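> the sequence and its predicted three-dimensional model are supplied below.
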Amino acid sequence: AQKITQTQPGMFVQEKEAVTLDCTYDTSDPSYGLFWYKQPSSGEMIFLIYQGSYDQQNATEGRYSLNFQKARKSANLVISASQLGDSAMYFCAMREGRGYQKVTFGTGTKLQVIP
Amino acid sequence: GAVVSQHPSWVICKSGTSVKIECRSLDFQATTMFWYRQFPKQSLMLMATSNEGSKATYEQGVEKDKFLINHASLTLSTLTVTSAHPEDSSFYICSAQNAGASGSDEQFFGPGTRLTVL
């Protein structure tokens, strides 16, 4: 079974609008962390936001927020007020356990912001 | 934020040659580094976990004799693609965890190395 599932291969959003990128995960480990990364065409992986499994509140970082629904095992990324520079691939990822554990990535969602 | 560099950024080599890619944590110590491979329009696939001072842990299906990993210091890990072939052409990305940091256990990624084997 896939540990990280991103069901949206591609998304379009109008500039200044909000967009939600979906991510569901599968783990039996009670301790895990969820990440979102942005990968522009240059290839670098840019960390956006992190949510720990024991965190009580949804993570927020500027225009990025993570809609964490633990019971549903979903960790959707919400980008508010989209900008042209947000056009990129977005990857959801999960680390199971604590410490120096490997991170598993989803297949990604290509977001295109339309002027 | 912590910075991870990779060298070279891109490399073109002939089939049969070996290529070494360096991953450095510039402003922090990393006892563990990870090597990923990304084919065009695909996700990152973990190849191996590199541990300072010990042997790397390879993912299933990754040939350890072909992809040699050395993590000789807390700031440097190297990936050597031996006897490279065109099917090894890919984007190789490393990441490192800050040994001294707490909180998110965030992995910091290098900018990647694009390998093309002719």
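Right, received. Where do you want to start? Numbering: from 1, shown residues only, chains lettered A, B, ... in the order given.

> contacting residues for the residue lying closest to B:G110 once chain neighbours are set aside?
Excluding its sequence neighbours, the residue lying closest to B:G110 (C-beta to C-beta, 6 or more residues apart in numbering or on different chains) is B:Q6, at 3.8 Å. Every C-beta, even on glycine, is put in place using the N, C-alpha and C of the backbone. The contact partners of B:Q6, taken as C-beta atoms under 8 Å, 6 or more residues apart in numbering or on different chains, are B:21-24, B:92-94, B:110-113.

> give me the neighbour count for A:P30.
For A:P30, the count of nearby residues is 9 (other C-beta atoms under 10 Å in any protein chain shown).

> surely it is within a helix?
No: looking at A:P30 with DSSP: H, G, I helix; E, B strand; the rest coil, it is coil, so not inside a helix.

> which ones are touching residue 48?
Since you didn't name a chain, this refers to chain A. A:35-38, A:61, A:64, A:77, A:90.

> that's the other chain; I wanted chain B
B:34-35, B:56-59, B:62, B:64, B:67, B:69.

> again with B:F108
So B:F108 contacts A:47, B:1-4, B:25, B:28, B:95-98 (C-beta under 8 Å, 6+ apart).

> among those, which one has the most neighbours?
B:A96 (30 neighbours).

> do you know how far it is from chain A?
Counting by C-beta to the nearest C-beta, to the nearest Å, the separation of B:A96 from chain A is 10 Å.

> got the phi/psi numbers for that residue?
The phi/psi pair for B:A96 (degrees, to the nearest 10) reads phi -140, psi 150.

> OK, contacts around it?
B:2, B:4, B:23, B:25, B:28, B:30, B:32-34, B:77, B:107-108, B:110.

> that one and B:Q107, how far apart?
For B:A96, the distance to B:Q107 equals 7 Å [C-beta to C-beta, to the nearest Å].

> joint contacts of these two?
Joint contacts of B:A96 and B:Q107 (C-beta under 8 Å, 6+ apart) are B:F34.

> can you get me a residue count around A:N76?
19.

> please name the residues that touch it.
A:N76 touches A:20-23, A:66-67, A:69, counting by C-beta under 8 Å, 6+ apart.

> and if you look at B:K14?
Counted by C-beta under 8 Å, 6+ apart, B:K14 has contacts B:117-118.

> same thing but 6 Å
Residues near B:K14 by C-beta atoms under 6 Å, 6 or more residues apart in numbering or on different chains: B:L118.

> ok, B:T113 next?
B:6, B:21, B:92.

> how about the residues of chain B by chain A?
B:32, B:43-44, B:46, B:49, B:91, B:97, B:104, B:106-107, B:109, B:111-112 (C-beta under 6 Å from any C-beta of the partner chain).

> show the average pLDDT along whichever strand or helix holds B:L46.
Using DSSP states H and E, B:L46 sits within strand B:44-51. Strand B:44-51 shows a mean pLDDT of 92.

> which is the next helix or strand following it?
strand B:57-58.
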